[in-house]
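S.K.: turn this into a structure:
(one chain, ligands or ions: 2)
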Amino acid sequence: LTEKLSRLVKEIRGQARITEANVTDMLREVRMALLEADVALPVVRDFIARVKGKALGQEVLGSLSPGQALVGIVNRELAATMGQGQPGAELNLAAQPPAVVLMAGLQGTGKTTTTAKLAKLLTERRKKKVLTVSADVYRPAAIEQLKTVTKQAGAEWFPSTGEQKPVDIARAALDHARRHYFDVLLVDTAGRLAVDEALMQEIRELHAALNPVETLFVVDAMQGQDAMNVAKAFGEALPLTGIVLTKTDGDSRGGAALSARHVTGVPIKFAGTSEKIDGLEVFDAERHAGRVLGMGDIVALVEQVTANVDMAAAQKLAAKVKGGEGFDLNDFLAQIQQMNQMGGLSSLMDKLPTQMAAKAGQVDMDRAEKEIRRKQGIIHSMTPAERKKPDLIKATRKRRIAAGAGVQVQEVNRLLNEFGQMQEMMKKMKGGGLMKMMKRMGG
Ligand code: GDP
Ligand code: MG
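M.R.: Ligands and ions are numbered 1, 2, ... in the order given. Got it, this is the predicted structure:
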């Protein structure tokens, strides 16, 4: 490794060690991040305990510092908790038609809007014949609202009035849907500002009358700590099958999703992404985990490092040295590129949390990066034969290479010197040592 590069890598690693020294500190930061995202306190506690258990049992290997690796574990665990890689994100319609979908949740969370969004999605993408009905008899405007948005969705709406009992509305709509061969019946319901027994009783009766294949709990991403208790109440009253997280287009970090998922145990199926009728997406647990964590993008850093350190290339190189083949300029270039693949040094620096970045600022990143690019340029100006056999490169060739790369001949000399030192080192090194060094370069 060149002096400068190795110093640089050491410096980066030095800062990483600030967090590495103290996993408790890291976990405290994670805890703060989750609380700031409005994840309910008991959920946070439980989650941290789980992560700690996993982290402590796990030896931190490879190119990351323990602190970074821990964030990786936190992020994976967060995504897993929110349903990453679990099936069932699609709306289940496997029922004798009409498949009934019941919407539940507090007032203002987005039930009516989501009902229309689902109607559109099912009509357009899954080619279903969809009927909607509102059992919100307390607010006449709510029934009208559903009528309007259902029209926008291109689905059909079943009339109801404030004088009817919700369960009668449900039965009439179900009967109509059966007789007119609808595939799906979406039932919008009344909400309250807070959970109360009358509301729970009503929705339980609706559930019993409709026997829905999906019972979706709608929760507002902007809902705070309270989301846990609301989700718990609905989860106890109804056999929920999924969660819809609305208003993810807002500023909130959406900790409500984690709380709701944690206490109900059902998957988060969709995310509302705007007020508009097409603002509904299949929930992406991984993306949402990053947002809930919101840790200066350190998550992205960890992913970037793990994804881009090309271990296959490192192994090939190690095998080559072991096999007695010479370390040539192509290998040297590969090592330099390894640094660059990580998005460049300054891009890595941008992703470090602020305290680390401040320290890192003492290193002149611009200069270091420029130098890497110049070196690449010089090697690129060489012919394949020259890269394989650097001894070929004498004065004339040096001048040609320098001209090609737009540098002075001295720089070509300097690079060849560095390469010479590296080559010496490689000769002395066994394969294992090289692997270790490559890893160090990577992280
Ligand atoms: P309900 O009382 O549960 O039926 O809630 P509504 O469907 O009437 O929605 C309440 C408000 O939230 C309305 O102004 C909606 O336009 C808005 N809303 C619902 N879902 C979203 C969403 O995903 N993003 C945004 N920005 N607004 C939403
Ligand atoms: Mg409504």
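
S.K.: and Phe217, that one's in a strand?
M.R.: Yes. Assignment of Phe217 by DSSP: H, G, I helix; E, B strand; the rest coil places it within a strand.

S.K.: can you tell me which residues contact it?
M.R.: With contact set as Cβ atoms under 8 Å, 6 or more residues apart in numbering, Phe217 has these partners: 104-105, 231, 234-235, 238, 240, 242-244, 260, 264, 266. The C-beta positions use only the backbone N, C-alpha and C, and glycine is treated the same way.

S.K.: go with 7 Å
M.R.: Ala104, Gly105, Ala231, Phe234, Leu240, Ile243, Ala260, Thr264 (Cβ atoms under 7 Å, 6 or more residues apart in numbering).

S.K.: helix/strand/coil for the fifth one?
M.R.: Same thing as Leu240. Leu240 - assigned by three-state DSSP - is coil.

S.K.: give me the phi and psi angles of it.
M.R.: Main-chain dihedrals, Leu240, degrees, to the nearest 10: phi -60, psi 150.

S.K.: begin at 135 from here
M.R.: Noted, 135 is the first residue going forward, which turns the last one into Leu374.

S.K.: ok, it - how many residues close by?
M.R.: By other Cβ atoms under 10 Å, 22 other residues sit near Leu374.

S.K.: do the fourth one as well
M.R.: By other Cβ under 10 Å, 25 other residues sit near Phe368.

S.K.: can you give me the buried ones in stretch 303-318?
M.R.: Ile303, Ala304, Ala307, Leu308, His310, Ala311, Phe316, Asp317, Val318 (16 or more other Cβ atoms under 10 Å).

S.K.: okay, the third one: pLDDT?
M.R.: I take that to be Ala307. Each residue has a pLDDT score; the one for Ala307 is 98.

S.K.: OK, contacts around it?
M.R.: Leu265, Val267, Phe292, Leu319, Val321.

S.K.: of these, which belong to strands?
M.R.: Taking DSSP state E, the ones among the contacts of Ala307 that sit in strands are Leu265, Val267, Phe292, Leu319, Val321.

S.K.: show me which residues of the protein sit near ligand 2.
M.R.: Listed as neighbours of ligand 2 in the chain under the rule Cβ under 5 Å from the ion: Lys245, Thr246, Ala276.

S.K.: Leu379 and Glu278, how far apart?
M.R.: 26 Å (Cβ to Cβ, to the nearest Å).

S.K.: quick one: which of these two has more around it?
M.R.: Neighbour count, other Cβ under 10 Å: between Leu379 and Glu278, Leu379 has more, with 30 against 11.

S.K.: which strands and helices sit next to the helix or strand encompassing the more buried one?
M.R.: Using DSSP states H and E, Leu379 sits in strand 376-380. Contacts defined by 3 or more Cβ pairs under 7 Å, 6 or more residues apart in numbering; DSSP states H and E place strand 376-380 against strand 348-354, helix 389-398, strand 402-406.

S.K.: hmm, Ser294 is touching Arg305, no?
M.R.: No. At 11.2 Å, Ser294 and Arg305 do not qualify as touching, with contact defined as Cβ atoms under 7 Å.

S.K.: could you break the protein into its assigned domains?
M.R.: What automatic domain parsing lists as the domains of the chain is 152-215, 233-416, 443-576.

S.K.: let me have those in CSV, extended by distance to Glu224.
M.R.: Output for these, formatted as CSV (distance: least, Cβ to Cβ, whole Å):
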stretch, distance to Glu224
domain 152-215, 19
domain 233-416, 8
domain 443-576, 34
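
S.K.: ok, which of the ones you listed comes nearest ligand 1?
M.R.: domain 233-416 (2.4 Å; Cβ to the nearest ligand atom).

S.K.: for the closest one, measure first residue to last.
M.R.: Its first and final residues considered, domain 233-416 spans 19 Å by Cα to Cα, to the nearest Å.

S.K.: and what of stretch 372-389?
M.R.: This stretch, stretch 372-389, spans 22 Å end to end (Cα to Cα).

S.K.: re the thing from before, in helices, which of the buried residues of stretch 303-318 fall?
M.R.: Among the buried residues of stretch 303-318, the members found in helices (DSSP state H) are Ile303, Ala304, Ala307, Leu308, His310, Ala311.

S.K.: how about the fourth one, what does it touch?
M.R.: For Leu308, the set of contacting residues under the criterion of Cβ under 7 Å, 6+ apart consists of Val234, Leu319, Leu344.

S.K.: and this structure, which residues reach ligand 1?
M.R.: By Cβ under 6 Å from any ligand atom, the residues of the chain that approach ligand 1 are 239, 241-247, 325, 380-381, 383, 406-409, 413.
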